[in-house]
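J.: Structural data only, the sequence is not supplied:
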């Protein structure tokens, strides 16, 4: 089955929940960016979260950007998603290698270090919504849990996991986001907390062969889980020469003129999918003309 997201409610709509399987998406990102195992895990977790959070957007053209900047060797990650759960992303330093952490797992927190998580929602208004929180662990799921509680005032549980094969391809990837509505009763909250405490890791749930539906059943089955819909999710970059041209315009006429003086064609690569776009001297001259 290809990647998809399941959306659900539980406890008579006191809880809303999302669960996703994202192996193909994360493997596409790994092969596109040639990421090391720890960076595949880091980027894969953020892509998975981005897909689920993208599916929460209301407007057709709304765009979500998740950005992490840290003082660790990875420096940071950027992921963008739309409301159809199309996601793309990149790591600033895709090749970081680190020994496993104290639990013998890929050390995503060590790779990212201390820093900030920014959530930017562009909903077609004059100014995008920007929420920023300090990284709590750098392990991403905990950082997003903290972000939801502090920036959006929505108590949430976020679980994200990426499991690697011995040949460093992606074996499993996925996650869940469970959120309490403001009217959630104490008894429901207690039941949910108890259930979440029993879950050791998302990767274990995925490796046991559980689908997103089964993951929600494990977490919320006692609370009357109802699947509301499923939607496909995929790694998708919408770059084209026109978009890249806009990026060239933004560097300024002085710099473009200098490129023309150099007399050599330039190549510009898309951060998200590594597609290379060639611009001849004539192209650059036309860009200057059009930007007047």
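T.: It's in. All values derive from a computational prediction rather than experimental measurement.

J.: buried stuff in stretch 142-153?
T.: Neighbour-count burial for stretch 142-153, with 16 or more other CB atoms under 10 Å as criterion, is recorded at 142, 143, 144, 145, 146, 147, 148, 151. Glycine gets a C-beta too; all of them are placed from N, C-alpha and C.

J.: no, scratch that, I was asking about stretch 228-238
T.: Under the neighbour-count criterion of 16+ other CB under 10 Å, stretch 228-238 has 233, 234, 235, 236, 237 buried.

J.: I'd say the second one and residue 23 touch.
T.: No: contact criterion CB atoms under 8 Å: residue 234 and residue 23 do not qualify, at 11.4 Å.

J.: Overlap in contacts, those two.
T.: Taking CB atoms under 8 Å, 6 or more residues apart in numbering as the contact rule, residue 234 and residue 23 both touch residue 3.

J.: Break down the chain into its strands, ranges please.
T.: If DSSP state E is used as the criterion, the strands of the chain fall at 4-10, 15-21, 63-70, 76-82, 86-91, 115-122, 129-134, 156-164, 170-180, 226-232, 234-235, 266-269, 276-279.

J.: possible to save these as a markdown table with mean pLDDT and distance to residue 191?
T.: What follows is the strands of the chain, written out as a markdown table (pLDDT from 0 to 100; distance: least, CB to CB, whole Å):
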| stretch | mean pLDDT | distance to residue 191 |
| --- | --- | --- |
| strand 4-10 | 96 | 10 |
| strand 15-21 | 96 | 10 |
| strand 63-70 | 97 | 30 |
| strand 76-82 | 97 | 31 |
| strand 86-91 | 97 | 32 |
| strand 115-122 | 95 | 29 |
| strand 129-134 | 94 | 28 |
| strand 156-164 | 95 | 13 |
| strand 170-180 | 96 | 11 |
| strand 226-232 | 95 | 16 |
| strand 234-235 | 96 | 34 |
| strand 266-269 | 88 | 50 |
| strand 276-279 | 90 | 53 |
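
J.: Tell me which of these lies nearest to residue 245.
T.: When the strands of the chain are compared by CB to CB, strand 276-279 sits nearest residue 245, at 7.8 Å.

J.: Can you pull up the most central residue in this protein?
T.: Note on the chain: the residue nearest the mean C-alpha position is residue 47, at 2.6 Å, using CA atoms, centre = their mean.

J.: ok, that one - contacts?
T.: Taking CB under 8 Å, 6+ apart, we find residue 47 in contact with 22, 25, 26, 29, 79, 87, 89, 235.

J.: quick one: buried residues of stretch 202-210?
T.: Quick answer for stretch 202-210 (16+ other CB under 10 Å): 202, 203, 205, 206, 210.

J.: If I look at the residue nearest to the centre of the chain, what pLDDT would I see?
T.: Looking at residue 47, its pLDDT is 98.

J.: Count the residues that sit near the spatially closest residue to residue 142 that is not a sequence neighbour.
T.: Leaving aside its chain neighbours, residue 142 sits nearest to residue 136 (5.1 Å; criterion: CB to CB, 6 or more residues apart in numbering). Around residue 136 there are 17 other residues, counting by other CB atoms under 10 Å.

J.: My guess is residue 136 contacts residue 147. True?
T.: No: if you go by CB under 8 Å, residue 136 and residue 147 don't touch, sitting 9.0 Å apart.

J.: Check the gap between residue 183 and residue 50 for me.
T.: Distance, residue 183 to residue 50, by CB to CB, to the nearest Å: 28 Å.

J.: Sorry, wrong one. I was asking about residue 37.
T.: 20 Å.

J.: what about the two, which has more around it?
T.: Between residue 37 and residue 50, counted using other CB under 10 Å, the more crowded position is residue 50 (28 against 19).

J.: Quick check on the nearest residue in space to residue 88 that is not next to it in sequence: phi, psi?
T.: Nearest non-adjacent residue to residue 88, counting by CB to CB, 6+ apart: residue 272, 4.1 Å away. Backbone torsions of residue 272, given as degrees, to the nearest 10, read phi -80, psi -30.
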